[in-house]
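Student: Let me see the structure of the following:
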Amino acid sequence: MHLKLLCLAALSVMGAAGAGEPVGKSESRDLRNLDLGDVEHFNSCRALARRVLSDRERCEVEQLALRCTPADDCLVTCISSPDGHLVGGGCAHVCFSNLHKVEEPPESMYKCDGLNRRID
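Tutor: A predicted model of the protein is given here:
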């Protein structure tokens, strides 16, 4: 619960848009209803996508699941969630700003860089 409050506080400063793009402070959104997935618990990198993922996001989930550390699991869960991509800084912000400060994404994720970012 503490992480959810921390994320909500950060989000209120950064803002988020319903179309999936970060917005300025002048636009508002009820951030209490964001569904970031169960990022506080280890889910063995098996979170099911609850929205259409881009090719890049699918690639990232596959690469993260191969190693599946607690930080990788957080990213898989958040990427697969309906609203993780709406957070300013994305799922990296959700997972690394508080939960997993010392871990780095796997090097193999960089092979996903050439793929499209998001399907809108």
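
Student: what about stretch 61-74, start to end distance?
Tutor: For stretch 61-74, the first-to-last residue distance is 11 Å (CA to CA, to the nearest Å).

Student: Does anything pack onto whichever strand or helix holds residue 63? Which helices or strands?
Tutor: Per DSSP states H and E, residue 63 falls inside helix 55-67. Packing partners of helix 55-67 (3 or more CB pairs under 8 Å, 6 or more residues apart in numbering; DSSP states H and E): helix 70-80. Placement of C-beta: from N, CA and C, glycine included.

Student: Pull the residues that contact the following helix or strand past the helix it packs on.
Tutor: Once helix 70-80 ends, the next helix or strand along the chain (criterion: DSSP H and E) is helix 90-94. Applying CB atoms under 8 Å, 6 or more residues apart in numbering, the contact partners of helix 90-94 are 7, 10, 36, 39, 74, 75, 78, 79, 84, 85, 87, 105.

Student: residues near residue 56, how many?
Tutor: Neighbour count of residue 56, defined by other CB atoms under 10 Å: 18.

Student: Ignore what I typed, I meant residue 46.
Tutor: Residue 46 has 11 neighbouring residues, counting by other CB under 10 Å.

Student: which element is it on?
Tutor: Under DSSP H and E, no helix or strand contains residue 46.

Student: Would you mind listing the residues in contact with it?
Tutor: By CB under 8 Å, 6+ apart, the residues touching residue 46 are 65, 76.

Student: got any ranges where the chain has weak pLDDT?
Tutor: Confidence mapping of the chain against pLDDT under 70 gives the ranges 1-32, 100-102, 116-120.

Student: 80 instead, please
Tutor: Along the chain, segments meeting pLDDT under 80 span 1-33, 97-110, 114-120.

Student: what residues does stretch 55-73 touch?
Tutor: 42-46, 49, 53, 75-76, 79-80, 85, 95-96, 99-100, 103, 105-106, 108-109, 111-113, 115-118.

Student: just to revisit the earlier point, how about the helix holding residue 63: buried residues?
Tutor: By neighbour count with 16 or more other CB atoms under 10 Å, helix 55-67 contains the buried residues 56, 57, 58, 59, 60, 61, 63, 64, 65.
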